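1. Task: produce atomic coordinates for the following.
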Amino acid sequence: MKLSLTELAERKRQGEKLVMVTAYDHPGARLADAAGVDLILVGDSASDNVLGYDSTVPVTVDELLVLVRAVVKGTQHAIVVADLPFGSFQVSDEATLANAVRFVKEAGADAVKLEGAGPSLTRVQALVGAGIPVMGHVGLTPQSATMLGGYRAQGRTAAKAQKLLGDARALEAAGCFSVVLEAVPSAVAKRVTEALTVPTIGIGAGPSCDGQVLVWHDLLGLTDRKPARFVKRYADIGTQIQGALEAYAADVRSGAFPAEEHTYTIPEEELDLFERATEEHEHAEQRDA
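-> All right, here's what the predicted structure looks like:
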């Protein structure tokens, strides 16, 4: 049974931690769902983790729609949240709503996520007013990392921490059902979490958030880049995959694969008929030539 948004809020009240992970395809969604993950984010992080771009900025709505649709098909329990990519919500409330509707109607997403507060607040209100659940995102917002001075922790002065708290409160007031806190000092994230009635999801924001999220490729060791400070790698699957592919290549080149157990047989009498028919066909072609 699909988890509901009201259950998320109830878990916060009960002090039960929420688990969120990114996923970008059907097998990933199926595995995450079977593991009991509560929320699956089809993040714009697909841009650099899956599609080969240098940052999250280039990925388009059309590209993410394909991934969201695949994830939804692999999910039965978890809430699927679609990230609104850069350019899809910055222009106007109307454009934001049109793009969000596509994620819900065409791909089947349960909710959407957008970064920042300020101008994003009217976007949130427009989406919620249209019946589309919205997850907010404050702290380090990768789509605007250049304006923030790069990929670094946010809210590390009293004034900036106060603004972050104000932004989180404003997102809740605008109707967000949850707020992601990224790269925020643990003590600040704790204060924000206590101030909100909706769940906070932390990524590099300490243990006091109501839940945690990590990127699929980071936690499974599927990337060759240096992981961020807040990443814990739970496996080194990338090395295992490379080893398996190297073994496969070696077997093919040596002739060890495919072995007899990997092949199909044909009854001898059928093989004889096939070979006779082939020979007759070849002789006929020679005569005609």
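
2. Low-confidence ranges, the stretch 151-289 of the chain, go.
-> Applying pLDDT under 70 to the stretch 151-289 of the chain flags the ranges 151, 289.

3. Repeat the analysis, applying 80 as the threshold.
-> Scanning the stretch 151-289 of the chain for pLDDT under 80 picks out the ranges 151-152, 285, 288-289.

4. Going along the chain, name the strands of it.
-> Assignment of strands within the stretch 151-289 of the chain using DSSP state E, counting those that start in this stretch yields the ranges 178-182, 200-203, 211-214.

5. so which of those gets nearest residue 70?
-> Nearest to residue 70, of all those, is strand 211-214, at 19.3 Å by C-beta to C-beta. C-beta: built from backbone N, CA, C; applies to glycine.

6. what's the spacing between stretch 169-188 and its chain's center?
-> Chain-centre distance of stretch 169-188: 19 Å, with C-alpha atoms, centre = their mean, to the nearest Å.

7. Identify the residues contacting stretch 162-169?
-> Stretch 162-169 is contacted from outside by 116-118, 136, 138-139, 154-155, 179, 181, 184, 188, 191-192, 195-196, 200, using C-beta atoms under 8 Å, 6 or more residues apart in numbering.

8. how about the helices of the stretch 51-200 of the chain, start to end?
-> 61-73, 93-105, 120-129, 158-174, 186-195 (DSSP state H, counting those that start in this stretch).

9. could I get those as a markdown table with distance to residue 230?
-> Listed next are the helices of the stretch 51-200 of the chain as a markdown table, based on distance: least, C-beta to C-beta, whole Å:
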| stretch | distance to residue 230 |
| --- | --- |
| helix 61-73 | 23 |
| helix 93-105 | 27 |
| helix 120-129 | 23 |
| helix 158-174 | 16 |
| helix 186-195 | 10 |
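
10. I'd like these written out as TSV, with mean neighbour count and distance to residue 9 added.
-> Formatted as TSV, the helices of the stretch 51-200 of the chain follow (neighbours: other C-beta atoms under 10 Å; distance: least, C-beta to C-beta, whole Å):
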stretch	mean neighbour count	distance to residue 9
helix 61-73	20	23
helix 93-105	18	20
helix 120-129	20	15
helix 158-174	17	11
helix 186-195	19	13
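
11. out of those, which comes closest to residue 287?
-> helix 61-73 (54.3 Å).

12. and that closest one, what does it pack onto?
-> helix 26-34, strand 39-42, helix 46-49, strand 79-83, helix 93-105 (3 or more C-beta pairs under 8 Å, 6 or more residues apart in numbering; DSSP states H and E).

13. Flag whichever of those has the least confidence on average.
-> In terms of mean pLDDT, the lowest-scoring of these is helix 46-49 (a mean of 95).

14. quick one on the thing from earlier: among the contacts of stretch 162-169, name the buried ones.
-> Buried subset of these (neighbour count, 16 or more other C-beta atoms under 10 Å): 116-117, 136, 138-139, 154-155, 179, 181, 184, 188, 191-192, 196, 200.
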